[in-house]
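Student: Task: produce atomic coordinates for the following.
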Amino acid sequence: MSIAHGRLAVVVVNYASAQLLRDNLVIVEREARAIAADARTIVVDNWSGADERRAARAVADEHGWMLIEPDSNSGFGGGVNLGVTRALAEGATDVLVINPDAHIDRESLGLLAATTVASRTTLASPVIADSDGRTWFAGIDLLLDDGTMRARRKRIPGDSQPYEAWLSGACLWITREVWELSGGFDDDYFLYWEDVDFSRRVVAAGGTLALVEDARAVHDEGGTQRAARQMARAKSEGYYYYNIRNRMLFAVRHLDDASVERWRRSIGRTAREVILRGGRRQLLQSAAPLRAYFRGVREARRIARSGGTDRKGRSWS
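Tutor: You can find the predicted model right below:
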């Protein structure tokens, strides 16, 4: 399927991952042009060093991609804001935001396009698998009682526990209408949870979320964050820190005082759950998970103490 009466842009936020652009973005661009011949590719290269900036320039020049070059690391949400804003200014009506370690085929892109043609205020995502074919994302619910997560497939009929669904920022089809409704990403998150926040604000503004179950993308989780020497299950220190921190940032942005207090009381427990996503063995081999735990818990508690006075967008840097 092609995009009728629209223009597509592909936006990737890059951080020290020029080789991943060669491996994956070349594929994404080819597949995107199969459904939209004039599809434009925009790379936002968050600053990670002079060598990586030169590498990003080289691959962008080689393939004719537009390169946006922030002087600092603007984070994932900030990078998406830069890229999507530029894409819309260049005339795009639809934007595929995709990680540099992900790729998607033309049939799946066509399904995402068809979903948003039918409803221009719909934010759409494919099901996402890892490079071994295992399901990595097929819809996740945020449980509002304590801020923990549950796979969509684990919903229980008749369960009264309040939750909100969200879509992963690893691969999103965003229409101009959805972007204008939501106001874009909240870049105070810097990394992780900004897609949870974005999904919530889309729905709050009158939009809808669509997990397109027949569409598939492939994502090598952590490819942009994990050093090659680390175990496959282990996560980066940044993954742990920002997941612990940003859970409370979401709470003070969106929830009432009673809910913020419930989430605050469970900071320690939920932080341990985040760390253990990387397994117990990592704790014997590196101090990074424990360092991220203590930093993240300290910052989450600070946000919980301070956040009740301002839920309008103050930066917590």
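Student: By mean pLDDT, which helix or strand of the chain comes out lowest?
Tutor: Within the chain, confidence by mean pLDDT, DSSP states H and E is lowest for helix 282-285 among all helices and strands, at a mean of 92.
Student: Helix, strand or coil: sort out the closest residue to residue 18 other than its chain neighbours for me.
Tutor: Nearest in space to residue 18, with sequence neighbours left out and distances taken as Cβ to Cβ, 6 or more residues apart in numbering, is residue 55 at 3.6 Å. Just so you know, the C-beta spots here come from the backbone N, C-alpha and C atoms, and that holds for glycine as well. Under the three-state scheme (DSSP: H, G, I helix; E, B strand; the rest coil), residue 55 adopts helix.
Student: number of nearby residues for residue 55?
Tutor: Counted by other Cβ atoms under 10 Å, the residues lying close to residue 55 total 20.
Student: coming back round to it: gap between the helix or strand just after the least confident helix or strand of the chain and the chain center?
Tutor: Remark: after helix 282-285, the chain's next helix or strand is helix 288-307, criterion DSSP states H and E. Offset of helix 288-307 from its chain centre (Cα atoms, centre = their mean, to the nearest Å): 21 Å.
Student: and helix 288-307, what other elements does it pack with?
Tutor: For helix 288-307, the helices and strands in contact under the criterion 3 or more Cβ pairs under 8 Å, 6 or more residues apart in numbering; DSSP states H and E are helix 237-254, helix 257-265, helix 267-275, helix 282-285.
Student: Show me the one of the ones you listed that comes nearest residue 171.
Tutor: Nearest to residue 171 among the helices and strands packed on helix 288-307 is helix 237-254; the distance by Cβ to Cβ comes to 18.2 Å.
Student: List the buried residues of the closest one.
Tutor: For helix 237-254, the buried set under the neighbour-count rule, 16 or more other Cβ atoms under 10 Å, comprises 237, 239-254.
Student: repeat for stretch 6-21
Tutor: So for stretch 6-21, counting by 16+ other Cβ under 10 Å, buried means 6-18, 20-21.
Student: Quick one: end-to-end length of it, please.
Tutor: For stretch 6-21, the separation between the terminal residues is 25 Å (Cα to Cα, to the nearest Å).
Student: for stretch 71-90, what is the average pLDDT?
Tutor: Here stretch 71-90 scores 98 as its mean pLDDT.
Student: before we move on, back to that, kindly reformat the helices and strands packed on helix 288-307 as TSV containing distance to residue 295.
Tutor: Converted to TSV, the helices and strands packed on helix 288-307 look like this (distance: least, Cβ to Cβ, whole Å):
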stretch	distance to residue 295
helix 237-254	5
helix 257-265	17
helix 267-275	10
helix 282-285	16
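Student: Can you flag the weakest of those helices by average pLDDT?
Tutor: helix 282-285 (a mean of 92).
Student: Now do that helix: which elements does it pack against?
Tutor: helix 288-307.
Student: Three-state assignment for residue 12, please.
Tutor: At residue 12 the chain is in strand, as set by three-state DSSP.
Student: In contact with it, which residues?
Tutor: Counting by Cβ atoms under 8 Å, 6 or more residues apart in numbering, residue 12 touches 21, 25, 28, 41-44, 83, 97-100.
Student: Could you pick out the longest strand of the chain?
Tutor: Of all segments of type strand in the chain, defined using DSSP state E, the longest is strand 208-219.
Student: Show the average pLDDT along that one.
Tutor: pLDDT averaged over strand 208-219 equals 97, rounded to a whole number.
Student: Next, the buried residues of it.
Tutor: Neighbour-count burial for strand 208-219, counted by 16+ other Cβ under 10 Å, picks out 209-212, 215-219.
Student: Give me the distance from that strand to the chain's centre.
Tutor: 14 Å.
Student: same for that strand, what does it pack against?
Tutor: Contacting strand 208-219 under the criterion 3+ Cβ pairs under 8 Å, 6+ apart are the following elements: strand 102-104, helix 106-118, strand 122-129, strand 163-166, helix 194-204.
Student: would you turn those into CSV with mean neighbour count?
Tutor: Written out in CSV, the entries for these read as follows (neighbours: other Cβ atoms under 10 Å):
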stretch, mean neighbour count
strand 102-104, 25
helix 106-118, 19
strand 122-129, 24
strand 163-166, 18
helix 194-204, 21
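Student: who wins for proximity to residue 145 among those?
Tutor: Of all the helices and strands packed on strand 208-219, it is strand 163-166 that lies closest to residue 145, at 8.7 Å by Cβ to Cβ.
Student: Would you agree residue 14 is in contact with residue 42?
Tutor: No - in this structure residue 14 lies outside contact range of residue 42 using Cβ atoms under 8 Å: 10.5 Å.
Student: related to what we said a few turns ago, and of the helices and strands packed on helix 288-307, who's closest to residue 34?
Tutor: When the helices and strands packed on helix 288-307 are ranked by distance to residue 34, counting by Cβ to Cβ, first place goes to helix 237-254 at 33.5 Å.
Student: what's the angle from the closest one to helix 267-275?
Tutor: Between the direction of helix 237-254 and that of helix 267-275, the angle (axes from the mean of the first three to the mean of the last three Cα atoms, to 10 degrees) works out to 140 degrees.
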